[in-house]
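Participant: make a model of this:
(2 chains)
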Number of protein chains: 2
Amino acid sequence: MKVIIIGGVAAGPKVGSRVHRICPEAEVILIEKGEFLSYAGCGLPYYVSGVVQDQKELMSTPIGVVRDPVFFRNVKNVNVLNRTEAKQVDRTHKQLTIKDLQAGTESKLSYDKLVFATGATPIIPPIKGRQLKNVFTLQNIEDSESIKAALSEGKAKDVIIIGGGLIGIEMTEALISKGCRVTIIEKLPQILPMLDWEMAYQVKEYLELKGIKVKTSTTLTEIKGTDKVDSVVTDQGEMSCDFVIMSIGVRPNVSLAQDCGLEIGSTGGIRVNTAMQTSDPDIFAAGDCVESTNLITGKPCFVPMGSTANKQGRVAANNLCGRKDVFSGVLGSTVCKIFDFNIGRTGLGETQARQEGYNTDIILSPAPDKAHFYPGAKPIMMKLVIDRETRRLLGLQVVGMGVVDKRTDVAATAITAKMTIDDIANLDLCYAPPYSPAMDNIITAANISRNKLDGLFEAITPMQVKEKIDHGDDFIFLDVRSPGEYATVQIAETTLIPLGKLREECQQLPKDKEIIAFCKISLRGYEAALILQEKGFKNVKVMDGGVLMWPYALIKK
Amino acid sequence: MKVIIIGGVAAGPKVGSRVHRICPEAEVILIEKGEFLSYAGCGLPYYVSGVVQDQKELMSTPIGVVRDPVFFRNVKNVNVLNRTEAKQVDRTHKQLTIKDLQAGTESKLSYDKLVFATGATPIIPPIKGRQLKNVFTLQNIEDSESIKAALSEGKAKDVIIIGGGLIGIEMTEALISKGCRVTIIEKLPQILPMLDWEMAYQVKEYLELKGIKVKTSTTLTEIKGTDKVDSVVTDQGEMSCDFVIMSIGVRPNVSLAQDCGLEIGSTGGIRVNTAMQTSDPDIFAAGDCVESTNLITGKPCFVPMGSTANKQGRVAANNLCGRKDVFSGVLGSTVCKIFDFNIGRTGLGETQARQEGYNTDIILSPAPDKAHFYPGAKPIMMKLVIDRETRRLLGLQVVGMGVVDKRTDVAATAITAKMTIDDIANLDLCYAPPYSPAMDNIITAANISRNKLDGLFEAITPMQVKEKIDHGDDFIFLDVRSPGEYATVQIAETTLIPLGKLREECQQLPKDKEIIAFCKISLRGYEAALILQEKGFKNVKVMDGGVLMWPYALIKK
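Facilitator: Here you go, the predicted model:
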């Protein structure tokens, strides 16, 4: 059996290694357009920042052997043709035309099975000035070397990052740590569109605290300069800069697949079945060039991830060697960090869940990530998205200085297993003070959600409260924190009655008015609502997430 | 409704708060023998070490309010009688006799619902000298104050810890950090009996590296001294010391329950149903005094944990207020640390799985906890316990300097959902280099397990290899690491052929002999086995876990 793989970064090498492992008699040829193989694309921002010092570390095995063509030949029995471009697929004769990019010569290879692992390419909008010097994308080793070279010329630079997604955020950290001044320009009203906006707001607040400028709802229209970039022009004005990083997103590389008539999905990726097989049964595809399936909705989605590429590569190899294997789909699980602020998400966001027609409920729950008395415990702000009908968890988003990846992974596992909030509330997660609160954050959030669905209290989101304020509604906005907390930070136009005094002092509140109670995290807000209900107040709500998750301006003293 | 709760540490206050929340009209009385309420028992070792500086932090809410009787009265509407002992339950008349420990007076309280949250008590073996000064247990605030007071007298001390379980390990860290010299004495052949022995071996190695003496298979027979302890006598000899910490384990406090005729389970805890109801429908129980159910086997178990106590307390409160709720059981999920070494486990251990009759398979898989090129990535050593028949994950154990709690929690969630290794291998866990490898450790371990069950390679455990060596079996013990790695550390009597040279040099190996291949983690060992099979070698095995998880002496240079 002769297997040809097009693409040598993530999914391609995985397919090659795996085919060799299960069909050692197969002849495997791997075609790669660039020079470098099997490098950790997700590590590039850390190479730019210098956190990863040597280029070679990104393409080495854990014990430091560089994964070059010799390595693939000796260890994996995979023939690598790098600096070689796949030009055309003749599916009828099962032939691939390739071009040696150094010699410039073309030749043909026959195959029994062909694998597309052609990856994705950064999107560059077709605007004037995009080809100027010092306008970068970050896709491969060469890009990172160009950015590093430019950074090493002279001192701190003004950098504009176009696109506040994952790569934009990771590059912000890299460039700030190299002494640059960074402005992020994002066309949408929020950065990090995989988060709901009030969660993205928390990230934006942190970025601004670190001196990073964030300009949302701002569209790039032109890049100006003579040979190198001097400024960018947006619909909100012009800004001078030394560098531009384009991180709008990526587009799957499907032109070769399209040219030979393979089916392309609605999201633009190559369409595959759960065996990672394309519309041609002898052609498989894996990694950033394919369309995935959302595990919850069953609908197509395009979520390019190095982790997914590896899993899909394994499944593709198994199936093309005749071992049945299935890749069912993804949850869009994502994690990233900027300095000591962590961002995690999995499953459906609130907006997405509503669009899909779920009877959607949400919970906002901030809490320390460890036992609150353990030094180094740091707050994390969690959002759960729940289906009221089935009580199933649909999604989790969590941001903050504390540990978020653990909760994201537990949620991803629970969502895959179709767990309800009742199942999650009693999970036997491991506990010791240096690792989590006695009730882990996700368990507490699940319990809040159960209380709400079971009618124990009426919740209101900060966004709904803001709407009431903006409409001039008449209600008591009741802060039940301590006077000391109130003195430090507060929401405008609130009434303070500390929880411990509420039993005696609640008679000063009017019984006919709506009361919305909250505290720092809204646990005391919940206790307050229970006390008020007990005292005969009929119209009491608790504001989700408290002061910590209020996604609007605060009065700080 | 009048609810009386006996016990004021973890489950008791939870029941009280929850009852107040869902039945605000209920009268709730909480009886506590000691002075202090609602303190974090799991935080005591960190208070002894000084990591937690103020006693009050252990009994405060996250915003620093001390949970004393006034707090419970004002906020939770719970009447607390502390320094009060519950003496007798008259189930016929639904009355509880209590004794005020300060005044010495007895009185009777009637109840509609009674809750046992009586906790557990450290086991002290009935040996001579156990009552001597400076022989401590660590159960409550008073114990920790006694230890701190004794530590503050004079300089570094020789401490002997009796019992190498969780508390023993946590106290070791606390005492070493206070400048003590620590010896752990354990009756069993290994410390940390919730781990399989080869995993416990890794912990022991680390402890010894830190200068801690670990004496397993050693039984305490006497404690000697005049007024205070001078030495301990064991079946392996006598050792002088300044302090003794007794941390053999705990026993559920059930005498009151037993006296009033409640059913006691086979493990010694109060028997409850999934509603946390005892054999008397008006009496509930929760926390360290109850017997739990193992979620996998369905059999009774006794696993006292602060996290479980909180969950059970909530379920008990819901049910006693007439809201149906279920606590199904536990997995024995545990995490602890000693300095920068982390230990996690959940589900069944190998020994337990075999005892239960599962067709048990195991995988040992060491790997970095983050992308291997990311600075700060640290190795973790993972063991999976699998049921060959259903391919279900039964248990996970993971130890090392890297992050273990995340993998333990993902496993606990997956085991609860009855996931197979095939399900786990394609979980969409979140990935970025600072958080995990592209294929998380648990996914890699699941894939190794699949390879093994699918017959892709034949594995042998280090324990089986050691048996072969001890029996003088004739086989080639093939190390395929690099010469540099080999020069630093090696297993005795091995043959070195680096993986990259195996294709050319394998002809020097005899084809009729059994070959057992390994490397640092046994990934290259696996590649080696595939190459050898391809070259016509018929009897090739891969040793699980490689050098990193070899649980015997190594030659270090």
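Participant: the stretch 251-400 of chain A against chain B: which residues are in contact?
Facilitator: A:295, A:305-311, A:314-315, A:323, A:326-337, A:344-346, A:367-368, A:371-375 (C-beta under 8 Å from any C-beta of the partner chain). Just so you know, the C-beta spots here come from the backbone N, C-alpha and C atoms, and that holds for glycine as well.
Participant: buried only: go through the residues you listed for me.
Facilitator: A:295, A:305-311, A:314-315, A:327, A:329-337, A:344-346, A:367-368, A:371-374 (16 or more other C-beta atoms under 10 Å in any protein chain shown).
Participant: what about the spatially closest residue to residue A:178 that is not a sequence neighbour, how many residues close to it?
Facilitator: Of all residues not flanking residue A:178 in the chain, residue A:151 sits nearest, at 5.4 Å (C-beta to C-beta, 6 or more residues apart in numbering or on different chains). For residue A:151, the count of nearby residues is 22 (other C-beta atoms under 10 Å in any protein chain shown).
Participant: residues contacting residue A:151?
Facilitator: A:48, A:157, A:175, A:178, A:180 (C-beta atoms under 8 Å, 6 or more residues apart in numbering or on different chains).
Participant: select from the residues you listed the one having the most neighbours.
Facilitator: residue A:48 (26 neighbours).
Participant: surely that one is in contact with residue A:174?
Facilitator: Yes: with contact defined as C-beta atoms under 8 Å, residue A:48 and residue A:174 form a contacting pair (4.4 Å).
Participant: what's the neighbour count on residue A:97?
Facilitator: Count around residue A:97 with other C-beta under 10 Å applied: 14.
Participant: buried ones in the helix or strand encompassing it?
Facilitator: Taking DSSP states H and E as the criterion, residue A:97 maps to strand A:95-100. Within strand A:95-100, the residues scored as buried using 16+ other C-beta under 10 Å are A:95, A:96, A:98, A:99.
Participant: check the residues you listed one by one and keep those near chain B.
Facilitator: Answer for those near chain B: none qualify (C-beta under 8 Å from any C-beta).
Participant: can I get those residues in a markdown table with pLDDT?
Facilitator: Shown next, in a markdown table, are the buried residues of strand A:95-100 (pLDDT from 0 to 100):
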| residue | pLDDT |
| --- | --- |
| A:95 | 98 |
| A:96 | 98 |
| A:98 | 97 |
| A:99 | 97 |
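Participant: for these, which one is nearest residue A:422?
Facilitator: Among the buried residues of strand A:95-100, residue A:96 lies closest to residue A:422 (C-beta to C-beta), at 53.4 Å.
Participant: of the buried ones among the residues of the stretch 251-400 of chain A next to chain B, which belong to helices?
Facilitator: A:306, A:307, A:308, A:309, A:310, A:311, A:314, A:315 (DSSP state H).
Participant: determine which two of those are furthest apart.
Facilitator: Between any two of those (C-beta to C-beta), the greatest distance is 15.4 Å, for A:306 and A:315.
Participant: residue closest to the middle of chain A?
Facilitator: residue A:334 (3.6 Å; C-alpha atoms, centre = their mean).
Participant: show the contacting residues for that residue.
Facilitator: By C-beta under 8 Å, 6+ apart, the contact set of residue A:334 is A:166, A:194, A:305, A:343, A:344, A:345, A:346, A:408, B:430, B:432.
Participant: quick check, nearest of those residues to residue B:132?
Facilitator: residue A:408 (50.9 Å).
Participant: tell me how many other residues crowd the closest one.
Facilitator: Neighbours of residue A:408 using other C-beta under 10 Å come to 29.
Participant: residues contacting the least confident helix or strand in chain A by mean pLDDT, please?
Facilitator: Least confident element among the helices and strands of chain A, by mean pLDDT, DSSP states H and E: helix A:69-71 (a mean of 85). Outside helix A:69-71, the residues that touch it by C-beta under 8 Å, 6+ apart are A:37, A:61, A:65, A:80, A:82, B:500.
Participant: looking at it, the fourth one is touching residue A:37, isn't it?
Facilitator: To tie it back to what came earlier, the one meant is residue A:80. Yes: taking C-beta under 8 Å as the definition, residue A:80 is a contact partner of residue A:37 at 6.3 Å.
Participant: what residues are shared contacts of the two?
Facilitator: Common neighbours of residue A:80 and residue A:37 (C-beta under 8 Å, 6+ apart) are A:8, A:30, A:69, A:72.
Participant: tell me, how many residues neighbour residue A:53?
Facilitator: 11.
Participant: no no, residue A:85
Facilitator: Around residue A:85 there are 17 residues (other C-beta under 10 Å).
Participant: same thing with residue A:132?
Facilitator: 16.
Participant: so what's it up against?
Facilitator: Contacts of residue A:132 by C-beta under 8 Å, 6+ apart are A:223, A:225, A:227, A:228, A:229.
Participant: among those, who's most crowded?
Facilitator: residue A:223 (24 neighbours).
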